[in-house]
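*Asks:* Please find the sequence and the predicted model below.
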Amino acid sequence: MYDLLVIGGLGVDVRVRVPAIPLPAADSVTVDPIDLRIGNTGAGVALAGHALGLRVAVVDVIGADPAGDVVRTALARTTVHAVLRDAPAGTRRSVNLVDPGGRRMSLYDARPWRGPAPFPAAELTALARDAAHVHLSIMDWTLPLLPALRAGLADGAALSTDLHDWDGANAYHRPFAEVADLVFVSGVRLGLEAGALAAALAPRTVLVTHGADGAEAHTGAGGPTRVPVAEPPAPVVDTNGAGDAFAAGVIAARLRGVPTADAAAYAARVAAAACTHDGMEYPLDLLPRR
């Protein structure tokens, strides 16, 4: 039995510290050392969940390439159970530009999936049935499997998804929102439409994140609950993965029976602590467990 099953979203990140975003016009810019390391949203949720003490499994496709080796090696350093298939197009990757204030711009190479789904519906359903919570990344290969995944949830289990910078209109995101119980979405493109989106997705719980301005929880009980940003316990060194750590914190707290608004407040502390570590391979004593 797993506390958390993460479906999709494995890849590698190249984090580059830059003097400003947008970059100044120049032929070259000297930056800090550039490393290839495990990243992307599914890895962020899985590794933060692992650091919070959850029993975690992850299912995805990655390439038989050096980037895929980075992912496999990082997961092997944890107790995360990985069920992987080969991605002929190679491993997904991102280049994340981070300015001195922690602002980020991500250049995402999705490596689209071609052909039949890499996992039979019955295999994915069996994995989901063995989990208390399933978190779904918005991967293209999962689309035909969504009905079976929803039907395969164990009694009392919940399903969440992160729609990232969805504008509320792009049709690609809609099936993931509709299959979920808990929806995470960035407010960067929603603006004043966050409340309207939450109403449209009712009775689902919607958590809208606003980066340094905190978050808001739409639980269907009155208006949204504001979730202030938490103070980092040490200097901020890397904001990549903060949103994924926030999602893992909400999931972990809800598994303990904590109401969503309180879970989000706890998750803000988890995200703040995550920002004090370089990368997503968090030490087991870094993220607060209560």
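*Replies:* Noted; the coordinates are in hand. Residues are numbered from 1 along each chain as shown.

*Asks:* Check the closest residue to Cys275 other than its chain neighbours and give its pLDDT.
*Replies:* Distances taken as Cβ to Cβ, 6 or more residues apart in numbering place Val236 nearest to Cys275, at 4.6 Å, with adjacent residues excluded. Quick note: C-beta positions are derived from backbone N, CA and C, even for glycine. With respect to pLDDT, Val236 scores 88.

*Asks:* how close does Val236 sit to Leu4?
*Replies:* For Val236, the distance to Leu4 equals 26 Å [Cβ to Cβ, to the nearest Å].

*Asks:* which of the two has more neighbours?
*Replies:* Taking neighbours as other Cβ atoms under 10 Å, Val236 and Leu4 compare with Leu4 leading, 26 against 14.

*Asks:* Surely that one forms part of a helix?
*Replies:* No. The assignment for Leu4, made by DSSP: H, G, I helix; E, B strand; the rest coil, is strand rather than a helix.

*Asks:* Next up, the contacts around it.
*Replies:* Leu4 is in contact with 45-46, 49, 54-57, 131-135, 248, 251-252, 255, counting by Cβ atoms under 8 Å, 6 or more residues apart in numbering.

*Asks:* Among the residues you listed, which ones are in strands?
*Replies:* Those of those mapping onto strands are 56-57, 131-135, per DSSP state E.

*Asks:* Could I get these in TSV, plus columns for pLDDT and distance to Val227?
*Replies:* Below are the ones in strands among the contacts of Leu4 laid out as TSV (pLDDT from 0 to 100; distance: Cβ to Cβ, whole Å):
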residue	pLDDT	distance to Val227
Val56	98	24
Ala57	98	28
Ala131	97	26
Ala132	98	23
His133	98	20
Val134	98	23
His135	98	19
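
*Asks:* where along the stretch 151-290 of the chain do the helices fall?
*Replies:* 174-179, 194-201, 242-255, 260-274 (DSSP state H, counting those that start in this stretch).

*Asks:* worst average pLDDT in the ones you listed?
*Replies:* Across these, the lowest-scoring stretch is helix 194-201, with a mean of 81.

*Asks:* Buried residues in it, which are they?
*Replies:* Neighbour counts over helix 194-201 (16 or more other Cβ atoms under 10 Å) mark 194, 197-198, 201 as buried.

*Asks:* quick one: contacts of it?
*Replies:* When contacts are defined by Cβ under 8 Å, 6+ apart, helix 194-201 is touched by residues 168, 177, 183, 185, 187, 190, 206, 208, 216, 218, 223-224.

*Asks:* May I see those residues arranged in CSV, with distance to Gly243 and neighbour count as well?
*Replies:* As requested, these are exported to CSV (distance: Cβ to Cβ, whole Å; neighbours: other Cβ atoms under 10 Å):
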residue, distance to Gly243, neighbour count
Gly168, 18, 18
Ala177, 17, 19
Val183, 13, 24
Val185, 10, 26
Gly187, 11, 19
Leu190, 14, 20
Val206, 14, 26
Val208, 11, 23
Glu216, 14, 21
His218, 17, 24
Gly223, 23, 10
Pro224, 18, 18
